[in-house]
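> Quick one: sequence plus predicted model below, questions after.
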Amino acid sequence: MDASREHWSGRLGFTLAAVGSAVGLGNMWRFSYMAAENGGAAFVFLYVVMTLVVGLPVMLAELTLGRGAGKSPIQALAHFGGERWKWLGGLFVATGFVILAYYSVIAGWTFRYSLESMVSGFPSDAGAHFEAIASGWPALCWHLGFMAVTTLVVSGGIRSGIERASLVLMPLLAIIVVGLAIYATTLEGASAGYAYYFETDFSAIWNTAVLRDAAGQAFFSLSLGMGAILTYASYLDRSTDLPAESITIALSDFGVAFLAGLVVFPLIFALGLEADVGASTMGALFITLPKAFAEMGGAGTFIGVSFFLALWVGGLTSAISLLEVVVSSVIDATGTTRRRAALVCGSAIALLGVPAAFSLEVLGLMDQIGGNLFLIVGGLALSVFVGWIMPDALGEAGSNSKLAGLLIGWKLLLRFVVPAILATVLWFTLRDTWNLINETFAG
Ligand code: PHE
């Protein structure tokens with residue numbers, strides 16, 4: 001292993017950073033928006049299945065490849081697969097570009113929400129407020145600010161800043177979400193929300209759009225399919241138990257998403273906001289929660305400000321991992337300094353985010369392409385690579401692991417089941433993405 005390469009300070013540092021990457025806007029904003037768009041419980045059910053059957057194996061594949069090579073994605077693929085596989089690393093970098101570009105716009109909303117409401121409380125006409133701030137010059141400014149912070153952290157290296165921030169802020173986020181979930185149980189009318197969340201209409205499971213979004217969401221939420229986990233694992237040493245690590249990361253991520261649903265859906269139904277959500281599913285979280293906070297009075301302001309701040313921090317630790325994929329690849333490819341690479345890549349991504357800051361439709365399209373399509377392609381190719389091409393993947397994954405005995409099952413999943421499922425999902429995703437592109441540019 002390259003001794004000059006940075007390393008995590010220890011196991012906890014890595015776990016927190018990886019959980020920090022996984023837990024972000026995806027768990028709250030994207031999860032509730034996707035669930036609302038896809039009729040609730042059927043989506044949630046498929047999302048759980050996808051997380052377990054496809055997400056976990058791919059998570060372990062990324063960890064194995066990253067630690068095995070000890071390199072950024074493009075080099076890691078070339079290391080085990082030769083020049084022919086470099087394209088996949090290139091796709092990862094491109095995905096990082098697209099996702100971070102619009103992700104930052106949404107993170108900008110969360111930060112604006114927390115600051116604004118600290119000063120003047122939450123607006124009761126949250127729907128109109130969201131419409132007013134989601135796109136346009138102010139959205140652009142908040143987006144640029146968020147990109148600046150992300151770039152600053154990445155340019156300083158990953159170790160002390162990220163690790164320390166995650167240590168304090170991830171537990172804080174968890175406490176706030178648990179608190180809100182408990183509060184939600186006390187609301188009159190919450191049970192309609194729980195029903196929406198849990199009562200699966202099994203016929204909807206055969207709806208290909210629901211399947212497509214559930215698979216995409218599992219990848220997005222776990223930070224899979226674009227080399228983020230791979231890159232973080234490249235800073236690991238061999239003593240880490242990778243299978244155990246993959247379970248920890250996936251469970252934490254799922255836990256937060258699940259809890260977020262326990263907050264959002266009871267609130268939506270208790271406050272009779274189903275119609276609002278229908279009007280702008282993308283804004284679901286930014287419309288329903290502020291209404292609830294406004295109704296709760298002074299305490300609501302306090303909780304709401306903490307919630308959006310914690311969400312912003314969750315978004316920041318995820319954004320850092322997205323930028324790190326791009327930056328580490330550029331450093332390895334060109335030999336330039338980390339600072340310069342961060343500055344150049346951060347600026348380019350900020351620029352790419354400008355259209356998303358001006359149009360919710362473009363933002364949605366970028367999410368469909370970067371956050372669904374590219375991740376599915378990346379996950380599919382990655383499972384084939386680690387399942388069939390990488391030499392002794394089983395040995396690398398199982399070294400120093402208490403769970404090594406179970407890995408034969410992992411290898412079988414990775415070779416046959418995961419590619420079959422993802423190829424099916426990819427077919428629908430391609431078709432629907434094509435339709436969405438046409439709709440966006442026709443209107
Ligand atoms: N997992 C992050 C979230 O849920 C987003 C992300 C996707 C981060 C892909 C890195 C890679 O918010």
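Cool, the structure landed.

> use CA for all of it now, contacts and neighbours both
Fine.

> burial count for Gly398?
If you count neighbours by other CA atoms under 10 Å, Gly398 ends up with 21.

> Ser234 versus that one, what's the distance?
As defined by CA to CA, to the nearest Å, Gly398 lies at a distance of 16 Å from Ser234.

> and if you look at Val98?
Counting by CA to CA, the gap from Val98 to Ser234 is 22 Å.

> When those two are compared, which one has more neighbours?
Ser234 (27 against 20).

> measure the more buried one to Ala215 for me?
Taking CA to CA as the criterion, Ser234 is separated from Ala215 by 25 Å.

> what does this protein put close to the ligand?
21-27, 220-224, 228, 315, 318, 321-322 (CA under 6 Å from any ligand atom).

> How about the contacts made by the nearest residue to Ala101 once chain neighbours are set aside?
Nearest residue to Ala101, sequence neighbours excluded (CA to CA, 6 or more residues apart in numbering): Gly353, at 4.1 Å. Gly353 makes contacts with Leu100, Ala101, Tyr102, Ser104, Val105, His143, as judged by CA atoms under 8 Å, 6 or more residues apart in numbering.

> Which pLDDT value belongs to Gly353?
pLDDT recorded at Gly353 is 98.

> what about the nearest residue to Ser252 once chain neighbours are set aside, neighbour count?
Residue nearest to Ser252 in three dimensions, not counting chain neighbours: Val19, with 6.9 Å by CA to CA, 6+ apart. By other CA under 10 Å, 27 other residues sit near Val19.

> Could you say which helix or strand holds Val19?
helix 11-22 (DSSP states H and E).

> Listing request: residues of the stretch 51-200 of the chain with sub-threshold pLDDT.
158-162 (pLDDT under 70).

> how about a cut-off of 90?
Applying pLDDT under 90 to the stretch 51-200 of the chain flags the ranges 117, 119-132, 153, 155-177, 179-180, 183-184, 186-189, 193, 196-200.

> can you map out the helices along the stretch 101-250 of the chain?
Per DSSP state H, counting those that start in this stretch, the stretch 101-250 of the chain carries helices over the ranges 126-134, 137-155, 159-185, 190-198, 208-221, 228-233, 242-270.

> do the stretch 301-443 of the chain as well
338-352, 354-358, 360-366, 375-384, 393-398, 407-412, 418-442.

> Point out the other helices and strands that the last one packs with.
Here helix 418-442 is seen to pack against helix 208-221, helix 360-366, helix 375-384 when contacts are counted using 3 or more CA pairs under 8 Å, 6 or more residues apart in numbering; DSSP states H and E.

> re earlier: Ala270: which of the helices of the stretch 301-443 of the chain is closest?
Taking CA to CA, helix 360-366 is the member of the helices of the stretch 301-443 of the chain nearest to Ala270, at 27.0 Å.

> Could you give the number of residues near Val53?
Every residue meeting other CA under 10 Å relative to Val53 is counted, giving 16.

> Check Trp85 too.
Trp85, neighbours per other CA under 10 Å, totals 18.

> How about the one 4 residues further on?
Burial of Gly89, expressed as a neighbour count using other CA under 10 Å, amounts to 24.

> Contact partners for it?
Pro73, Ile74, Gln75, Leu77, Gly227.

> farthest pair in these?
Greatest spacing in the contacts of Gly89, by CA to CA: Gln75 and Gly227 (11.6 Å).

> And those two? Which one has more around it.
Gly227 (34 against 20).

> Please tell me I have it right and the more buried one contacts Ile74.
No: applying CA atoms under 8 Å, one finds Gly227 not in contact with Ile74, separated by 9.2 Å.

> Looking at the helices of the stretch 101-250 of the chain, which one is packed in the most?
Highest mean neighbour count of those: helix 228-233, a mean of 29 (counted as mean count of other CA atoms under 10 Å).
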